[in-house]
Structures are given as structure tokens and as C-alpha cells.
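Novice: Provide a 3D model corresponding to the input given below.
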Amino acid sequence: MQKSEKSFAGKSGRVGVLLIHGLCGSPSEIRFVANGLTRNGYTVLCPQLAGHGGTEADLMATTWQDWYESAEKGLEELSATCETVIVGGLSTGAVLSLMLAERHPDKVHAVALYSPTLWLSGRQIPWYLPLFRLIDSKWVANLFRFPVPIHVGIKDQRIRDFIRNAMASEGSKVAPVSTPGGAVLERRRLAKVVMKSLNRISQPVLILHAREDDYAGLDNAAYLQRELAGPVDLVVLDDSYHMVTVDRQRHVVLDRTTAFVSRIAGSITDSIRAKPAAQLRVVGGLATSAA
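Specialist: Have a look, this model is predicted:
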């Protein structure tokens, strides 16, 4: 997946997966999972969020509503060709996935969350975060900078170096070293809205979160497991940091996601097949409509 914003699988079509990248990220963060799902015959769409993929000024000019609109357009596009849709996302993308599930329960059949970030609580968070939490002005927030974690959220040194080199060489841009406070504030505003609606999200949810997440602590996943209205399967990863979709256990992430998508698709298919039988009753040895 390059900077072309999207990636589709072949001509399969009935089961689709929408994958949403994180704040200051790009679809390349979830390319490994997307490619794996594609190989398993699923239609995969990875939209690029508004303000991402360009300059820092582009990012600072957007709000969480703009990011959500990008994700929502992706959902509409995928729903037009797929009968079953699972939405997944990394970090802030996971929070956007939850919002899509709450606002479009008829189109989102299940949700996969990778390192969901409702709040910042990892060990690489700067000391001034408590002060920043008191700020609600975007202008003031932009006076702050949030450095990219020293390990860029990746535990594996080899993968970390590869990602850094790729970021630095892409489009001849310098790899970002920090996130503007205004964008972090918008992420917080998004999370605040989503947290109020968790008890209305009843779709099945898969959460994959690293025990050593250096950006969003495991308390994020535990909170979601308690507050979501539907069934939640929490998988705690013991050999990864925040970027679980590219780190050492990315194969575990892909395998668990593939199994989850398969199970959801299968249960929906079984439900559809069972409906005609449920609507029939036997009268004198003949099956007739119960209506």
C-alpha cells in the first residue's frame, strides 16, 4: 500500500474489511494485515485520513470530524459492494472504528482494535501530559509538541530501523520527530465523544494490545473490555510495543484477525441461511409460511 490512499483485494466481494491507520500515520502501518486478509479472499479498503500524507500544516488544519469523515466515506464505499463489513483500526484508527460501529450498526458487523488509544498512558509519554490535559484551546495546544517515542512504538530493532529509513526516504521527506499538540487535542476530543457511546456498541469486538505498549497503556484495552456492550475478545501481546501491526507479533495479529473475520462472516452466513427455516411452520405434513 503506497500513498495512493487505498488498497483493494481482488474481485471477491461479500466480506469486506475496512482498516484505519493511526494519528500521523498512513495506510502502510496496516499493510501487513491488509495483505494477509487479501490473500485469504477478503476485500480490504484502507483510506488515508484527512490531513495525513502531506505537510504538518495539513494535519494541523484538520479536526477529528475530518478524520471521521474520511473513515465514514471508506465504510460507505466498502458497504456498497460487501454484504458483511468488519472495521478495524490502529491506535486513533481504533477509536474511529468504534465511532463507526456506534453510528452505523447496520453496516458494521464487528470491530477489530489494535492498540486502541482512548488516553495516553505509556512510559514514553512526556512529563507535561498532566498539564496538557487541562488545555482545551487548539491554539494553546499547538504550543506543545509530543515527541515520537524513542522506539517509535516498535520493539524489534531491525523492524524499527527499516520503518525509520522508509519514513525518511518516502517522498524525500524527513521522518516526523513529534506530533503537534493540536492534533493530540483533537484525538482527545474524539475519544471523549466515543467513550460516552461505548455502552451502545454491541457488535463483537477483538482487541489486540501489547502489555508493554509505550504509548497507550493496557488500561485502555481493559476499560473497553468493561464498558463495551457486546462480546469482547482481548488478546494481550507479550513481545510488542504500540505498533502491533508491524512489530514482532504481527503474525499473531494477522492470524487472530483472520480467524475473527472468518468467524463473523460464518455466523452471519449461518444466520441468513437459518431465517427461511425459522419462518416456516408445518401444517398437515406441509411446510407453510408462518406469516
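Novice: Tell me which stretches of this protein form strands.
Specialist: For the chain, the strands defined by DSSP state E occupy 15-20, 43-45, 84-90, 110-114, 145-147, 178-180, 205-210, 232-237, 280-283, 286-289.
Novice: most neighbours per residue, which of these?
Specialist: Mean neighbour count, computed with mean count of other CB atoms under 10 Å, is highest for strand 15-20 among the strands of the chain, reaching a mean of 29. Every residue, glycine included, has its C-beta placed from N, CA and C.
Novice: In contact with the nearest residue to Met195 once chain neighbours are set aside, which residues?
Specialist: Excluding the flanking residues, the one nearest Met195 by CB to CB, 6 or more residues apart in numbering is Leu118, at 6.2 Å. Neighbour list for Leu118: 95, 191, 194-195, 216, 220, 223-224 [criterion: CB atoms under 8 Å, 6 or more residues apart in numbering].
Novice: sorry, back to before: nearest to Gly51 among the strands of the chain would be which one?
Specialist: Proximity of those to Gly51 was assessed by CB to CB; the nearest stretch is strand 178-180, lying at 10.8 Å.
Novice: Quick check: can you name the pairing partners of the closest one and their directions?
Specialist: Sheet neighbours of strand 178-180, with direction, are listed as strand 145-147 (antiparallel) (DSSP bridges).
Novice: pLDDT below threshold where in the stretch 51-200 of the chain?
Specialist: With pLDDT under 70 as the threshold, the stretch 51-200 of the chain has low-confidence stretches at 149, 164, 166-177.
Novice: So which residues of it form helices?
Specialist: Along the stretch 51-200 of the chain, counting by DSSP state H, counting those that start in this stretch, helices occupy 56-60, 64-79, 92-103, 129-132, 138-141, 157-169, 181-195.
Novice: Pick the most deeply packed of those helices.
Specialist: Looking across the helices of the stretch 51-200 of the chain with neighbours counted as mean count of other CB under 10 Å, the highest average goes to helix 92-103: a mean of 26.
Novice: got the angle between that helix and helix 64-79?
Specialist: Helix 92-103 and helix 64-79 are oriented at 70 degrees to each other (axes from the mean of the first three to the mean of the last three CA atoms, to 10 degrees).
Novice: which helices and strands does helix 92-103 pack with?
Specialist: strand 15-20, helix 64-79, strand 84-90, strand 110-114, helix 181-195 (3 or more CB pairs under 8 Å, 6 or more residues apart in numbering; DSSP states H and E).
Novice: Distance to Pro130 for those - can I get that in a markdown table?
Specialist: What follows is the helices and strands packed on helix 92-103, written out as a markdown table (distance: least, CB to CB, whole Å):
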| stretch | distance to Pro130 |
| --- | --- |
| strand 15-20 | 29 |
| helix 64-79 | 22 |
| strand 84-90 | 26 |
| strand 110-114 | 26 |
| helix 181-195 | 13 |
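Novice: May I see the buried residues of the longest helix seen in the chain?
Specialist: Ordering each helix of the chain by length in residues (DSSP state H) puts helix 250-278 first. Residues of helix 250-278 classed as buried under the neighbour-count rule (16 or more other CB atoms under 10 Å) are 250, 252-254, 256-258, 260-261, 264-265, 268.
Novice: Run the chain-centre distance for that helix.
Specialist: 19 Å (CA atoms, centre = their mean, to the nearest Å).
Novice: by contact count, what packs against it?
Specialist: By 3+ CB pairs under 8 Å, 6+ apart, helix 250-278 packs against strand 15-20, helix 31-39, strand 84-90, strand 110-114, strand 205-210, strand 232-237.
Novice: Provide the strand pairings for the third one, with the direction of each partner.
Specialist: With DSSP bridges as the test, strand 84-90 is paired with strand 15-20 (parallel), strand 110-114 (parallel).
Novice: got the angle for the last one vs strand 232-237?
Specialist: Pointing back at strand 110-114 there. Our comparison of strand 110-114 with strand 232-237, counting by the same axes, to 10 degrees, yields an angle of 20 degrees.
Novice: Alpha carbons only: can I get strand 110-114 in PDB?
Specialist: Written as PDB, here are the backbone C-alpha positions of strand 110-114 (Å, rounded to 0.1, in the frame of the first residue of the first chain):
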ATOM      1  CA  ALA A 110     -17.800  -6.400  14.000                       C
ATOM      2  CA  VAL A 111     -14.800  -4.400  15.100                       C
ATOM      3  CA  ALA A 112     -11.000  -5.200  15.400                       C
ATOM      4  CA  LEU A 113      -9.000  -2.800  17.600                       C
ATOM      5  CA  TYR A 114      -5.200  -2.700  17.500                       C
END
